[in-house]
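Asker: mind looking at a prediction? Sequence and model below.
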Amino acid sequence: MASKGFRLGCISCKRRGEVHATASVNWYFKASDETDFSLIYIYEDIAEEVIDLRFYGRLMWNGSKNTKDLQDGSIFILNVTYNDTGTYKCTFFRVLTYKKSPQIETNITKIITLNVVPQLTRGMASILSEVMMYVSIIGLQFWLVVEMIYCYRKISAAGEEALRESAAEYLAIASESKDNCAGVQEAE
């Protein structure tokens, strides 16, 4: 969105964490009306440099901090303008250092297309998915209440039945002991 900030994400991770490496990141930009990429930003040896005058004071490093072994090469564009619409290219230059073999250099490139809009708009799919989320939440809550009422009634009915059975048992025991008492008195 115009006049806001925007993060251009670029991540390139090593396959093995125990391998020592150093990396630098170069960012390139090609405007919609241009044919070639131009270098706009370099991050190397924990130092950054803005190359292109169009981006002076507007690019900030947003990637890995305090390390020469970069995994995240993201940058942040401040105060995005319509002139920032175009294609961005992020290139990782990584040097892997092994103990018993020579250094290996690798290059990873990521392409990002940025379209600047005057105002953030929500698509129909976004609105529909939000409505469905709320309908699902309400439906699940209603189902939970119905299930709780059903379980309460079932437990309550089982409890009453248990009380009736225990009362009947109690009365049966009481009358049986009363009969025994009468028999004992007659024998005396």
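Answerer: Nice, I can see it.

Asker: where do the strands of this structure begin and end?
Answerer: 6-8, 20-31, 38-44, 47-50, 59-61, 75-77, 86-97, 104-114 (DSSP state E).

Asker: and the first one, what does it pack against?
Answerer: What it means is strand 6-8. strand 75-77, strand 104-114 (3 or more Cβ pairs under 8 Å, 6 or more residues apart in numbering; DSSP states H and E). All C-beta spots, glycine's among them, are computed from the backbone N, C-alpha and C.

Asker: tell me the most buried of those?
Answerer: For those, average neighbour numbers computed from mean count of other Cβ atoms under 10 Å are highest in strand 75-77, which has a mean of 21.

Asker: so for that strand, what's the average pLDDT?
Answerer: Across strand 75-77, pLDDT averages out at 92.

Asker: point out where this structure drops to low pLDDT.
Answerer: Within the chain, the stretches with pLDDT under 70 are 1, 17-18, 120, 162-164, 166-188.

Asker: ok, now with 80
Answerer: Applying pLDDT under 80 to the chain picks out residues 1-3, 14-19, 100-101, 119-125, 157-188.

Asker: out of the strands of the chain, nearest to Tyr152?
Answerer: With Cβ to Cβ as the criterion, Tyr152 lies closest to strand 6-8 of the strands of the chain, at 50.9 Å.

Asker: now do the closest one: distance to the chain's middle.
Answerer: Relative to its chain's centre, strand 6-8 lies at 18 Å (Cα atoms, centre = their mean, to the nearest Å).

Asker: stretch 144-163 too?
Answerer: Going by Cα atoms, centre = their mean, where stretch 144-163 is centred and where its chain is centred differ by 40 Å.

Asker: CA atoms only for it, dumped as PDB, please.
Answerer: Provided in PDB are the C-alpha atoms of stretch 144-163 (Å, rounded to 0.1, in the frame of the first residue of the first chain):
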ATOM      1  CA  LEU A 144     -21.400 -27.800  22.400                       C
ATOM      2  CA  VAL A 145     -24.300 -26.400  24.400                       C
ATOM      3  CA  VAL A 146     -26.700 -29.000  23.000                       C
ATOM      4  CA  GLU A 147     -24.300 -31.700  23.800                       C
ATOM      5  CA  MET A 148     -23.800 -30.400  27.400                       C
ATOM      6  CA  ILE A 149     -27.500 -30.300  28.000                       C
ATOM      7  CA  TYR A 150     -27.900 -33.900  26.600                       C
ATOM      8  CA  CYS A 151     -25.100 -35.200  28.800                       C
ATOM      9  CA  TYR A 152     -26.500 -33.300  31.900                       C
ATOM     10  CA  ARG A 153     -29.900 -34.900  31.400                       C
ATOM     11  CA  LYS A 154     -28.400 -38.300  30.900                       C
ATOM     12  CA  ILE A 155     -26.300 -38.000  34.000                       C
ATOM     13  CA  SER A 156     -29.200 -36.600  36.000                       C
ATOM     14  CA  ALA A 157     -31.500 -39.400  34.900                       C
ATOM     15  CA  ALA A 158     -28.800 -42.000  35.700                       C
ATOM     16  CA  GLY A 159     -28.300 -40.400  39.100                       C
ATOM     17  CA  GLU A 160     -32.100 -40.400  39.900                       C
ATOM     18  CA  GLU A 161     -32.200 -44.100  38.900                       C
ATOM     19  CA  ALA A 162     -29.300 -44.900  41.100                       C
ATOM     20  CA  LEU A 163     -31.000 -43.100  44.000                       C
END
